[in-house]
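A.B. asks: turn this into a structure:
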Amino acid sequence: MQGISNSYSNILVRISLLLFLVVLNFSCKNNSNHTEDLIETDSEEVSIPENTTKIFPWSDIVEEAEVIRLELTTESLVAKIEKTLLTQNKIYIYDSKIRDLLIFDINGKFISRFNKQGQGPGEINEMRSFDVDKDGNIYILDYNKISKFNVNGDHELDIPFSYTDTDDTYINAVEIALAPNDKFYLWTGSFGVTENNDHKQFSLFVLDNRGKIINKYFPSRMKTFKSRYFTPYGNTYITRPPDYDSYTIHLIEDNTIKEKYHINFGENSLPEGILKQSFEDNTEFNRILRETNYILGINNVIENDDYLYFNFFQTDRIRAALYSKKTKKALVGKVAVSGFAPSYLCFSDKNYLYGFIEASDYLSVINGSSQYIFNRIDSLSIDDNPLLVKIKLKEF
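C.D. replies: Numbers count the residues shown, from 1 in each chain. You can find the predicted model right below:
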């Protein structure tokens, strides 16, 4: 009997161990749908020159520059550009000061103003971001819902999502992008997060068309600033690094996250672990910028078939970097007003890069400098709308 009992006990132990491994394996697979485990890691290294002290050399590389006036009416006054999008030959501008969406054609003619503010059915309580599909339907990110409006501005449906998920994950989203198969990408960053010791808070979420979380990426590590996170590139999106001390730019394609570029700043690269940033403030971020030459905070990432562009912080200035995908060369320098390009780029198409310049800056260039290739615009005042600048680059 004792031998039978021992054998029976051994069998139970083996069965228990097998069940434990099955549960563990299932648990690991289940968790992998909500972590960075699904991120593909095969990035191209982009080396950036270490001398970043000069003004960015737009005058050396801009072949064409066209300045386009945005029509100014009582309905089309632009106060503060938060997000822009070029699609179907229309320019969409989200003005975060008035919380409206302004729509112009590619030649700057005003088309319409999208204003659905309110708390009733079909209205927007707090417009945070937007995206537009191939049919011209507009998707507005609200505090805790996504609202769809057709090309005529008529409300079609709401997709509510919970601010707090069942596992205490916060979805305080600040930006939206459309994903394949009626899904959505939402970016939260660190907004609303005060600590993440239990690793439940993430920066990027994938939601289905019922507002349910199906994937989440990039565990929140520190307080970050509000910025543009999704940039269209063909049928995909480019997204900036999630944290100040990360130098990897990701591609989002078919609900899959891929490491696309790793930016090598050489001796200006921040040593691993040196940034002890909290969720409470930006004290460490500001200290490093003040006391060192280390580079922080890659943002405003833009890509087309020929170039990769982005901005970053270093010491007392914002810098710009431009990488040629053909020659594998990079240019870098301080951001400044010039007569050859906008101070910052905002979006791109197959052949051109676009950005905006304030009317006052344009007038100071045209009237006070002989170094410019901008076309002249008559009867312009400093109170006009920002001007759209369209540039084509020489190969470098």
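A.B. asks: so who does Leu157 touch?
C.D. replies: Contacts for Leu157 (CB atoms under 8 Å, 6 or more residues apart in numbering) come out as Ser147, Lys148. All C-beta spots, glycine's among them, are computed from the backbone N, C-alpha and C.
A.B. asks: state the helix or strand in which it lies.
C.D. replies: Element membership of Leu157, judged by DSSP states H and E, is strand 155-160.
A.B. asks: pLDDT of that strand, averaged?
C.D. replies: Average pLDDT, strand 155-160: 96.
A.B. asks: same question, stretch 338-354
C.D. replies: 93.
A.B. asks: quick revisit: give me the sheet partners of the strand holding Leu157 and which way each runs.
C.D. replies: strand 145-149 (antiparallel) (DSSP bridges).
A.B. asks: can I get the CA coordinates of the partner strand in PDB?
C.D. replies: Listed in PDB are the C-alpha atoms of strand 145-149, where the atom choice follows Å, rounded to 0.1, in the frame of the first residue of the first chain:
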ATOM      1  CA  LYS A 145     -15.300  58.400 -26.200                       C
ATOM      2  CA  ILE A 146     -14.500  58.400 -30.000                       C
ATOM      3  CA  SER A 147     -17.200  60.200 -32.100                       C
ATOM      4  CA  LYS A 148     -17.500  59.600 -35.800                       C
ATOM      5  CA  PHE A 149     -18.900  62.300 -38.200                       C
END
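A.B. asks: buried stuff in that strand?
C.D. replies: Residues of strand 145-149 classed as buried by neighbour count (16 or more other CB atoms under 10 Å): Ile146, Ser147, Lys148, Phe149.
A.B. asks: and which of these is nearest to Tyr163?
C.D. replies: Ile146 (13.3 Å; CB to CB).
A.B. asks: the closest one touches Phe184, doesn't it?
C.D. replies: Yes. At 6.1 Å, Ile146 counts as touching Phe184 under the criterion of CB atoms under 8 Å.
A.B. asks: give me the common contacts of the two.
C.D. replies: Tyr139, Ile159, Ile176, Leu207.
A.B. asks: now, which of the residues you listed lie within strands?
C.D. replies: Counting by DSSP state E, these place Tyr139, Ile159, Ile176, Leu207 in strands.
A.B. asks: how about stretch 105-116: buried residues?
C.D. replies: Neighbour-count burial for stretch 105-116 [16+ other CB under 10 Å]: Gly108, Phe110, Arg113, Phe114, Asn115, Lys116.
A.B. asks: about what we covered before: show me which residues of the strand holding Leu157 are buried.
C.D. replies: Ile159.
A.B. asks: show me how far that strand is from its chain's centre.
C.D. replies: Between the centre of strand 155-160 and the centre of its chain there are 24 Å (CA atoms, centre = their mean, to the nearest Å).
A.B. asks: only alpha carbons, please: show that strand as PDB.
C.D. replies: Taking Å, rounded to 0.1, in the frame of the first residue of the first chain, the C-alpha atoms of strand 155-160 are listed here in PDB:
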ATOM      1  CA  HIS A 155     -22.900  62.700 -36.300                       C
ATOM      2  CA  GLU A 156     -23.000  58.900 -37.000                       C
ATOM      3  CA  LEU A 157     -21.900  57.100 -33.900                       C
ATOM      4  CA  ASP A 158     -20.100  57.200 -30.500                       C
ATOM      5  CA  ILE A 159     -17.600  54.600 -29.300                       C
ATOM      6  CA  PRO A 160     -17.300  55.000 -25.500                       C
END
